[in-house]
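Colleague: Model the structure of this input:
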Amino acid sequence: MKVKSAAKINLMLDILKRLDSGYHSLFMIMQSVSLYDTVTVERGGDKILIECDDENVPCNEKNIAYKCAEAFFDFCKIDDRAVRIKIEKNIPVAAGTAGGSADGAAVLYSLNKIYSAGLSQNTLCEIGAGLGADIPFSLVGGTAVSLGIGDIIAPVKPLKNCRIILVKPDQAVSTPIAYAQYDTLPRVRHLDRVGMLEAVSQGDYKKICTLCGNVFEQAVEVPERPYIKSTMHRFGADAACMSGSGPTVYGLFSDYEKAQKCYEALRKTYNNTYICEPADKGIIELMD
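Modeller: Model (predicted):
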């Protein structure tokens, strides 16, 4: 079975508190974008096997896709765990755009179909939530509020059709380290969560753009972030913000011509520059 799994951006990411479990209680407004990994899952072999065309992705039990497969089999009490998982990467690695989570979600979705397990989307989200805060959203996709440890998903009105520029500097950010750095902040400037909820519930693009924000920008050092954001604004971005724990910065553009010019300017400096659109699904089935 072959599927495409979408990257995401955070229109808003706020951290409410650190939980006793060590996880953090989150408030996120998530948006799928039309940048996809392709994941193929087939039965065969004698164990869970991972293959990937990106040398930066571990092809062992450290891979989120592997962990998701293992968790699926454990939940369903399935002993026949002979599957091959092939990942074709387009979403940058360690970028704050849910690349690993998208792959994990694709595996959960595919295994549920291949083994005719009949698990609901909610159940798949529950399995995935313990492995990555973005996995439940990657299963649902579109535009949504994500709460708790990422396990509570509430779809909202779709983001209006716009262009989205993604720029990943030549830097990797470890999500656990990002949270650890956040926990050391003496004070945090939290975001206007109520205002953003009103904006997304009404599909108010202009208001959404004024409220885009990410508390990780206060904790995670990305030296090139100010330059990228200022360049996006200079070319007419309606909003520019970091996604996830970084380092990727995105810009929202209602003017497609301005977006194209910004993309062409930034890709001269940054190899990992992408132009895409809002996507209404997290996972799309492909013909074999």
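
Colleague: Spell out the residue ranges of the helices in the stretch 1-150 of the chain.
Modeller: Listed in chain order, the helices of the stretch 1-150 of the chain (DSSP state H, counting those that start in this stretch) span 64-76, 99-114, 121-129, 135-140.

Colleague: Now distance to residue 272 and mean pLDDT too, for those, in a markdown table please.
Modeller: Placement of C-beta: from N, CA and C, glycine included. Below are these laid out as a markdown table (distance: least, CB to CB, whole Å; pLDDT from 0 to 100):
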| stretch | distance to residue 272 | mean pLDDT |
| --- | --- | --- |
| helix 64-76 | 20 | 97 |
| helix 99-114 | 11 | 97 |
| helix 121-129 | 26 | 96 |
| helix 135-140 | 20 | 97 |
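
Colleague: Now do the strands in the stretch 51-200 of the chain.
Modeller: 83-88, 143-148, 152-155, 163-168 (DSSP state E, counting those that start in this stretch).

Colleague: and those, which is most packed in?
Modeller: For the strands of the stretch 51-200 of the chain, the largest average neighbour count (mean count of other CB atoms under 10 Å) is found in strand 163-168, namely a mean of 26.

Colleague: pLDDT on that one, on average?
Modeller: Averaging pLDDT along strand 163-168 yields 98.

Colleague: Could you name the helices and strands sitting against it?
Modeller: Here strand 163-168 touches strand 2-18, strand 24-43, strand 249-253, helix 256-266, strand 272-276, going by 3 or more CB pairs under 8 Å, 6 or more residues apart in numbering; DSSP states H and E.

Colleague: The residue nearest the centre of the chain: what's it in contact with?
Modeller: Centroid-nearest residue in the chain: residue 98, 2.8 Å away (criterion: CA atoms, centre = their mean). With contacts defined as CB atoms under 8 Å, 6 or more residues apart in numbering, the neighbours of residue 98 are 7-8, 91, 134, 137-138, 244.

Colleague: Show me where the stretch 151-288 of the chain has its helices.
Modeller: For the stretch 151-288 of the chain, helices defined by DSSP H, counting those that start in this stretch occupy the ranges 175-183, 193-202, 205-211, 225-234, 256-266.

Colleague: What residues of stretch 127-135 count as buried?
Modeller: Residues of stretch 127-135 classed as buried: 127-129, 131-135 (neighbour count, 16 or more other CB atoms under 10 Å).

Colleague: Pick the one among those closest to residue 186.
Modeller: Ranked by distance to residue 186 (CB to CB), the buried residues of stretch 127-135 are led by residue 133 at 24.4 Å.

Colleague: Now that closest one: closest residue in space that isn't a chain neighbour?
Modeller: For residue 133, ignoring the flanking residues on the chain, the nearest one in space by CB to CB, 6 or more residues apart in numbering is residue 150 at 3.3 Å.

Colleague: quick one: the one you found and residue 140 touch, right?
Modeller: No - counting by CB atoms under 8 Å, residue 150 does not reach residue 140; the two are 10.8 Å apart.

Colleague: Show me the shaky parts of the protein.
Modeller: Low-confidence segments of the chain (pLDDT under 70): 288.

Colleague: Surely residue 243 touches residue 249?
Modeller: Yes - using CB under 8 Å, residue 243 is in contact with residue 249, at 7.3 Å.

Colleague: what do those two both touch?
Modeller: Residues touching both residue 243 and residue 249 (CB under 8 Å, 6+ apart): residue 166.

Colleague: more crowded one of the two?
Modeller: Per other CB atoms under 10 Å, whichever of residue 243 and residue 249 has more neighbours is residue 249, with 29 against 26.
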